[in-house]
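Asks: just a sequence and a predicted model for now, questions to come.
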Amino acid sequence: MSLSLNPDTRRARTLPRAAPDGAVLGEAARRGIRTRLFTKYVALFVAVVAIALLANGLFEVFFYYREHKAALIRVQHEQAEAAAAKIGQFVKEIESQLGWTTQLPWSAGSIEQRRFDALRLLRQVPAITELAEVDATGRERLRVSRLAMDSIDSGVDLSHDPKFTEAVARKVFYGPVYFRRESEPYMTLAQAGPRKDAGVSIAEVNLKLIWDVVSQIKVGKNGHAYVVGPEGRLIAHPDISLVLRNTDMSGLVQVRAALADGGTMPDTLPEARNLQGQKVLTASAPIAPLHWTMFVELPVEEAYAALYAALERLALVLLAASIFAVLAGIFLARRMVGPIQALRTGAERIGGGDFAQRISIKTGDELEELADQFNHMGGRLQESYADLENKVEQRTAELRQSLNDLHAAQDRLIQTEKLASLGQLTAGIAHEIKNPLNFVNNFSSVSTELIDELNEALQTASLDGKTKEEVDELTGMLRSNLEKVVQHGKRADSIVRNMLLHSREGSGEHRPSDINAVVEESLNLAYHGARAERPAFNVTLERDFDPAAGMVDIYPQEIARVFLNLISNGFYAAAKRKENAAGAFEPTLRATTKDLGGSVEIRIRDNGTGIPPEVKEKMFNPFFTTKPAGEGTGLGLSMSHDIVVKQHGGTIDVNTEPGAFTEFIITLPRVMAAGGTSGGKT
């Protein structure tokens, strides 16, 4: 592998500031590097080795954990079953030996034979410390004990004692565990004879053998076994103090689960906590004849000690492999990063304007091919740079021409705004003239009728001829003058109508129109009209037109009337708020358009006084207005509603907050329904 940078002796003609700019770019590139390539390669090698080893170790630990846990639980189950079987066999043997004492029926001469059999039973079964025999009526006839004096025909009535009643009913009775001298566990075992007159034998059984069995069970180093009764009370435990305190084990999850499942704990609960709160692996087995349950528990820490050792070995292997990967990564990264650094340096010099720079890398791989591509790019840049200045001058001339065209368009736009303002002013003047003109025409017609009535009244009056001629001459002149007034009033009315028609652009037919242009024109007309009416008026106009709103099939002049009315109302509300505002308040009106696919939405929002809720409900009613007398007719919003909803099939709605803003929302379909009307509602 060899690499070098051999700049060509021929230098391309560059701009005076090209090299410094390139140096700045190179410095910016150096500042933009967050992680060096050398570090990335080393980290990659380490990550590959570590991930491979970690994945393998995790798989081994996972399967070893499952197998080890299953083996531990299986061994604990076997220990529990063996101990339970041993205790069950112990009780069964006592029960079998006790059964021999219930074979004979009670009679007057059998008391000595029974006493002899009882003493023999005490010698054969060391666990029985006391034996009482009761006849069929429940009277105690014989008591033989290792701890007290024997008793014959004591006559104690046991007919209502569970030891007697349960034995008669079930043949065998297993009594609860109790303790003598607070150290040795005992239980009562009663068995009825096969015949009713054979009575019942009641034995007090020393359960020390059960405690011995439980104490001798070895579960690891710190594990232990214990026996629990059907009510969850502790019967046998290596710690005899827990048994003496009559400990209730039913609060443990494993005990509740085992008692609910007949003494066998479900496989879904291999781990639980013991009385000390320590996490343990547990298994259980039922002791069939007594309804007791044998539990075997092993601390989880001890159970998983081998697993922890395996994890430590895995960590050591991973550390050693990581060190090896770091060394290998450093070696390989040095072999790879050198050519890349050469590419970086050469590319930086080419980016700085030295197009004659050539990069020489001899690695025989993709890096050498990349260097050749950089050299080819430098040659192309050197060739194309010569034409760059001409292209810049040409583009500058094009931009200058575009700027001139823009100035011309701006002049035309200003002229259009002036004309639109003049049209709005003309419309305003025409509207102002039309009302008094109507009064003139109407009163002229009424005055003509009054002259006719005057002439009729004078016909019956007694006037001389000269006076009558003068009156006729005067009434004739007055009629002639009124006719001229009516004639010229009609002419003036025609002039006003022509002024109104002249101020309204377009024809009375619907046609596709650019909705953005209509809104823009309405804004300009309304603004200049307001300025003409109140020179001191000023408002900030904001526009947000969606270019995709495009063409809409509308009556342009009618929709323009709607926009003019809403915008003028917005100006009025903003001006009223400014009059009452204490601080620096700037009136603002915002117009937006939005493409909705098959329709287009127009929003006109002002920051004026807003609309109260009681006014909002009636604002579209004809002749309803909140403006003072002489400032509004109450027809603007009603007319706008009819134009948008009835004429165009759109919707108009208002969103307002008193004292803050008012926003009118208009939705127009792109294509009007047949006939140009619709029954839509807001």
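Replies: Happy to help now that I have it.
Asks: what is the helix ranked longest in the chain packed up against?
Replies: Longest among the helix segments of the chain by residue count, using DSSP state H, is helix 388-459. Under the contact definition 3 or more CB pairs under 8 Å, 6 or more residues apart in numbering; DSSP states H and E, helix 388-459 sits against helix 465-503, helix 515-533. The C-beta positions use only the backbone N, C-alpha and C, and glycine is treated the same way.
Asks: so residue 561 touches residue 644, yeah?
Replies: No: counting by CB atoms under 8 Å, residue 561 does not reach residue 644; the two are 10.5 Å apart.
Asks: quick one, what contacts the residue positioned nearest the centre of the chain?
Replies: The centre of the chain sits closest to residue 596, judged by CA atoms, centre = their mean, with a distance of 27.5 Å. Residue 596 makes contacts with residue 667, as judged by CB atoms under 8 Å, 6 or more residues apart in numbering.
Asks: then residue 620?
Replies: With the criterion set at CB under 8 Å, 6+ apart, residue 620 makes contact with 637, 638, 641, 652, 682.
Asks: list the ones among those that fall in helices.
Replies: With DSSP H as the criterion, helices contain 637, 638, 641 from among the contacts of residue 620.
Asks: from those residues, which has minimum pLDDT?
Replies: By pLDDT, residue 638 ranks lowest within those, coming in at 78.
Asks: quick one: mean pLDDT over stretch 347-358.
Replies: 72.
Asks: what's the burial count for residue 458?
Replies: A count of neighbours around residue 458, defined by other CB atoms under 10 Å, yields 14.
Asks: from memory it sits against residue 469, does it?
Replies: No: counting by CB under 8 Å, residue 469 is not a contact partner of residue 458; they are 11.6 Å apart.
Asks: residue contacts, the closest residue to residue 588 other than its chain neighbours?
Replies: Of all residues beyond its chain neighbours, the one nearest residue 588 is residue 540 (4.5 Å), with distances taken as CB to CB, 6 or more residues apart in numbering. By CB under 8 Å, 6+ apart, residue 540 lies in contact with 586, 587, 588, 589.
Asks: which of the residues you listed fall in strands?
Replies: Restricting the contacts of residue 540 to those inside strands, with DSSP state E as the criterion, leaves 588, 589.
Asks: who wins on neighbours among the contacts of residue 540?
Replies: residue 589 (23 neighbours).
Asks: was I right about it contacting residue 567?
Replies: Yes: contact between residue 589 and residue 567 holds when scored by CB under 8 Å: they sit 6.6 Å apart.
Asks: joint contacts of the two?
Replies: With contacts taken as CB under 8 Å, 6+ apart, residue 589 and residue 567 have 523, 604 as neighbours in common.
Asks: quick revisit: could you give the mean pLDDT of the longest helix of the chain?
Replies: Averaging pLDDT along helix 388-459 gives 74.
Asks: quick one: that helix to helix 515-533, angle?
Replies: Using axes from the mean of the first three to the mean of the last three CA atoms, to 10 degrees, the direction of helix 388-459 lies 60 degrees away from that of helix 515-533.
Asks: can you give me the buried ones in the helix or strand encompassing residue 187?
Replies: Secondary-structure assignment from DSSP states H and E places residue 187 in strand 184-192. For strand 184-192, burial by neighbour count (16 or more other CB atoms under 10 Å) applies to 185, 186, 187, 188, 189, 190, 191, 192.
Asks: separation between the last one and residue 138?
Replies: The gap separating residue 192 from residue 138 is 12 Å, by CB to CB, to the nearest Å.
Asks: surely residue 600 and residue 593 touch.
Replies: Yes: with contact taken as CB under 8 Å, residue 600 and residue 593 are classed as touching, separated by 6.4 Å.
Asks: which residues are in contact with each of those two?
Replies: Both residue 600 and residue 593 are in contact with 515, 549, where contact means CB under 8 Å, 6+ apart.
Asks: neighbours of residue 53, how many?
Replies: Should you count by other CB under 10 Å, residue 53 turns out to have 18 residues around it.
Asks: so where's the stretch 201-350 of the chain uncertain?
Replies: Flagging of the stretch 201-350 of the chain using pLDDT under 70 yields the residue ranges 267-270, 334-336.
Asks: helices of that one, start to end?
Replies: 208-216, 240-244, 253-260, 300-303, 305-351 (DSSP state H, counting those that start in this stretch).
Asks: fine by me, thanks again.
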